[in-house]
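[1] structure of the sequence below:
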Amino acid sequence: MGRLEGKTAIVSGAARGQGEAEARLFVEEGARVILGDVLDERGQQVADELGDSARYLHLDVRSEADWTAAVAEAERAFGPVDVLVNNAGILKFAPLGEMELADYLAVIDVNQVGCFLGMRAVTPSMQRAGGGSIVNISSINGLVGYPGTMGYTASKFAIRGMTKAAALELGPLGIRVNSIHPGAVDTEMVRPAGIEGVPTAEEQAALFAAYPLRRNCQPVEIARVALFLASDRSSYATGAEFLVDGGMLAGPLDS
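    Sure, this is the predicted structure:
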């Protein structure tokens, strides 16, 4: 029996990258999954490949109405929600003095407000399910700062704090809330085309070579941690931070 057998999950940002890896692994482990994203064609393709245990739904995480629809579709198709992975996120690179307010707020709206709306939306359904697990994807940027990522860092620190506040509020309802803090994950988000100053794949590889595991992270490696937190095997974990960075914050091997 899979570790999520019989559970209903919602994964935001599930059309590609970490969200896609999480959705695929959850279905493999027995869950029924609502895949939410704004990349409709890609999201539908992933859901089609996953079969009857998956449904794709357009989900703009900034929209209260979209979150309401996602929870309603999950309950209609599969039953009350047991698991939420707040995975959707965006990243905009710019030095502080050059970052436009609109770009800063765009990151906050998706990463931080989207996480808040997701947690709020699923809580009544998780109560009907008798409890649940919320997994918020933060970042190492939620633990330390990096230049050129002001909005992203602000949003990821916020997710870290929101996770703890929600864990305190929702624990008595049987709902656990934890955050995952990935390091450098090999996804399209961290290598957008046409953006000056973004390290190339070769530059990134040279950077990672200075850290303990000497490579970047693959999306499925984050998905496996999300699976643990979504499952009953993490039944006494809540309000916690799970750092998955290949030793990046432990310090470089060479000074």
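[2] contacts and neighbour counts: CA atoms only from here.
    Noted.
[3] quick one: Phe242 from Phe228, how far?
    Here Phe242 is placed at a distance of 11 Å from Phe228 (Cα to Cα, to the nearest Å).
[4] and the two? which has more neighbours close in?
    Phe242 (18 against 14; other Cα atoms under 10 Å).
[5] I'd guessed Gly131 sits against Pro172; true?
    No: judged on Cα atoms under 8 Å, Gly131 makes no contact with Pro172 at a distance of 9.4 Å.
[6] which of these two has more neighbours?
    Between Gly131 and Pro172, Gly131 has the larger neighbour count (other Cα under 10 Å), namely 21 against 10.
[7] nearest residue to that one other than its sequence neighbours?
    The shortest distance from Gly131 to any non-neighbouring residue, by Cα to Cα, 6 or more residues apart in numbering, is to Gly174 (4.4 Å).
[8] buried stuff in the top helix by length along the chain?
    Counting residues, the longest helix in the chain under DSSP state H turns out to be helix 150-170. In terms of neighbour count (16 or more other Cα atoms under 10 Å), helix 150-170 has its buried residues at 150-160, 162-164, 166-168, 170.
[9] ok, stretch 26-41 next?
    Judged by neighbour count using 16+ other Cα under 10 Å, the buried positions of stretch 26-41 are 26-39.
[10] first-to-last residue distance for it?
    21 Å.
[11] and the gap between the residue nearest to Gly131 and Asp40?
    33 Å.
[12] try Glu100
    Applying Cα to Cα to Glu100 and Asp40 gives a distance of 28 Å.
[13] Thr163 too?
    Applying Cα to Cα, the value for Thr163 to Asp40 is 28 Å.
[14] beta partners for Ala94?
    Here Ala94 sits in beta bridges with Thr149, as judged by DSSP bridges.
[15] for stretch 86-94, the averaged confidence score.
    Averaged across stretch 86-94, the pLDDT comes to 96.
[16] please, where are all the strands along the stretch 51-200 of the chain?
    54-58, 83-86, 132-137, 175-182 (DSSP state E, counting those that start in this stretch).
[17] residues in contact with the first one?
    By that I understand strand 54-58. For strand 54-58, the external contacting residues (Cα atoms under 8 Å, 6 or more residues apart in numbering) are 27, 32-40, 43-44, 47-48, 66, 70.
[18] closest one to Gly183 out of these, please.
    The closest of the contacts of strand 54-58 to Gly183 turns out to be Asp37 (Cα to Cα; 22.5 Å).
[19] my guess is that closest one meets Gly43, correct?
    Yes: under the criterion of Cα under 8 Å, Asp37 makes contact with Gly43 at 6.5 Å.
[20] what is in contact with these two at once?
    Ala14, Ala15.
[21] find the nearest non-adjacent residue to Glu5, please.
    Gly30 (4.0 Å).
[22] coming back round to it: format the buried residues of stretch 26-41 as a markdown table; extra columns: pLDDT.
    Listed next are the buried residues of stretch 26-41 as a markdown table, based on pLDDT from 0 to 100:
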| residue | pLDDT |
| --- | --- |
| Phe26 | 98 |
| Val27 | 98 |
| Glu28 | 98 |
| Glu29 | 98 |
| Gly30 | 98 |
| Ala31 | 98 |
| Arg32 | 98 |
| Val33 | 98 |
| Ile34 | 98 |
| Leu35 | 98 |
| Gly36 | 98 |
| Asp37 | 98 |
| Val38 | 98 |
| Leu39 | 98 |
